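Novice: Got a predicted structure here, sequence first:
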Amino acid sequence: MPTCEMCGRTLRLAVRGRPPRYCSRACRARAYRMRVADRSATDTRAGGRAWGRTDLQAEGRTDLQAGGRAEGQAVPGAGTRADPGADARRVPESTETGLSEGPLDQPLIVRTAIELADRDGVAAVSMRRVATELGVGVMSLYRYVASREELNDLMVDTVFGERPLPEPGPDGWRAKLELSAREEWALYRDHPWVSHLVAVTTRPPIAPSLMAYTDWRMRALDGHRLDFATMVQIAIMIGTYLQSAAMPLAHEAQAARATRHTRQQWADARQDVLHRTLRTAHLPMVSEFGTEAFQASEPENIFEFGLQRMLDGVATLLDTARAAGDAPAGSPVGPEHRQIRH
């Protein structure tokens, strides 16, 4: 199989026309820059001795040298001069920015996109920006990732795959659901941008590692006399709650990057505006808002409070299902024991 003259990557055979010499526009551009550099170096060394040489001859000699180097052959008249392009051809193009020493592939592209989102937010991620980070042509990415939507899916799948839920997990449905919620919340703390890709949508990413969380939660509820649709709803409800509760983490990270102020610093700077508002508006409860309430409104505390209340609701639902299943056939079941049907 033919290989790229610059990076050594295997080339696809051309259907028609001349066989390809380079794997991407980036390699072709690098080869051109090397030829230009070689031509300049040759002219400088020749000095007055080569003054009368025509441009055509100079270009022919440079092309001969480049062609000979590509084949690993010695070039007459070149002496023992080191070939400045040899290392560039051996090193994959992704090493230009120092991000990786391996060849360009899908995991490298996804990892670069994740690091970019962690640093600058998911809005900064684009195929062109990722290509710039890797030092390659943007079209070369599409050999490994078909679209930005697929890149989003791969990013989500990767970060969830780094936090697999344990098997079989702790005893009891509540301990299992709580563990899964805390693991997902920790993921949003580490990667706040993920909530932007998975929350407030009826078209979630196609990410097996994300789906594994839903599957794990449903298995935690299996065997508790709930129908399949109800287990689906509980599992999705937990994920939806976590994603929504995590949105402030993403917004806070974005605001902190833009203003370089923490939430507390922002609140302190707006105290005068807040006091003026409370004096003119009839807000008897909000006017009592103080330090304790401010701490209670922190995303971490909202998460803890909402998680426990949600699990309490699931416990009530399971008690209702159990009571309905234990009741003798034909016996009436009061409203407090009636199973919710979907």
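Specialist: In hand now; what should we look at?

Novice: I figured residue 24 was touching residue 139, is that so?
Specialist: Yes. Under the criterion of CB atoms under 8 Å, residue 24 makes contact with residue 139 at 7.1 Å. Placement of C-beta: from N, CA and C, glycine included.

Novice: Between those two, point out the one with more neighbours.
Specialist: Taking other CB atoms under 10 Å, residue 24 and residue 139 do not tie; residue 24 has more neighbours (22 against 12).

Novice: who touches the more buried one in this structure?
Specialist: 4, 93, 136, 137, 139, 140 (CB atoms under 8 Å, 6 or more residues apart in numbering).

Novice: backbone phi and psi for the nearest residue to residue 118 once chain neighbours are set aside, please?
Specialist: Distances taken as CB to CB, 6 or more residues apart in numbering put residue 191 closest to residue 118, at 6.2 Å, once the chain neighbours are dropped. Backbone geometry at residue 191, expressed as degrees, to the nearest 10, gives phi -130, psi 80.

Novice: so who does residue 191 touch?
Specialist: By CB under 8 Å, 6+ apart, residue 191 lies in contact with 114, 117, 118, 159.

Novice: Next, count neighbours for the third one.
Specialist: Looking back up the chat, that one is residue 118. Counted with other CB under 10 Å, residue 118 comes out at 15.

Novice: Please point out which parts of stretch 125-136 sit buried.
Specialist: By 16 or more other CB atoms under 10 Å, the buried positions in stretch 125-136 come out as 125, 127, 130, 131, 133, 134, 135, 136.

Novice: report the longest helix in the chain, please.
Specialist: helix 228-259 (DSSP state H).

Novice: which strands and helices sit next to that helix?
Specialist: Helices and strands touching helix 228-259, as assessed by 3 or more CB pairs under 8 Å, 6 or more residues apart in numbering; DSSP states H and E, comprise helix 173-190, helix 194-198, helix 208-221, helix 263-269, helix 299-326.

Novice: what two of the buried residues of stretch 125-136 are the furthest from one another?
Specialist: Distance extremes for these: the farthest pair is 125 and 135 at 16.6 Å, using CB to CB.

Novice: returning to that earlier point: so which of the buried residues of stretch 125-136 sit within helices?
Specialist: Among those, the ones falling in helices (DSSP H) are 127, 130, 131, 133, 134.

Novice: I'd like the distance from residue 310 to residue 241, if you could.
Specialist: 6 Å (CB to CB, to the nearest Å).

Novice: before we move on, what about residue 129?
Specialist: Distance from residue 129 to residue 241, by CB to CB: 32 Å.

Novice: again, but for residue 170
Specialist: 20 Å.

Novice: Which one's more surrounded, those two?
Specialist: When neighbours are counted by other CB under 10 Å, residue 241 comes out ahead of the other of residue 170 and residue 241, with 17 against 12.

Novice: The more buried one reaches residue 306, doesn't it?
Specialist: Yes. At 6.2 Å, residue 241 counts as touching residue 306 under the criterion of CB under 8 Å.

Novice: before we move on, the earlier item: output the contacts of residue 191 in JSON lines; the columns should cover secondary structure, pLDDT and distance to residue 245.
Specialist: Listed next are these as JSON lines, based on DSSP: H, G, I helix; E, B strand; the rest coil; pLDDT from 0 to 100; distance: CB to CB, whole Å:
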{"residue": "114", "secondary structure": "helix", "pLDDT": "96", "distance to residue 245": "22"}
{"residue": "117", "secondary structure": "helix", "pLDDT": "93", "distance to residue 245": "20"}
{"residue": "118", "secondary structure": "helix", "pLDDT": "92", "distance to residue 245": "20"}
{"residue": "159", "secondary structure": "helix", "pLDDT": "95", "distance to residue 245": "17"}
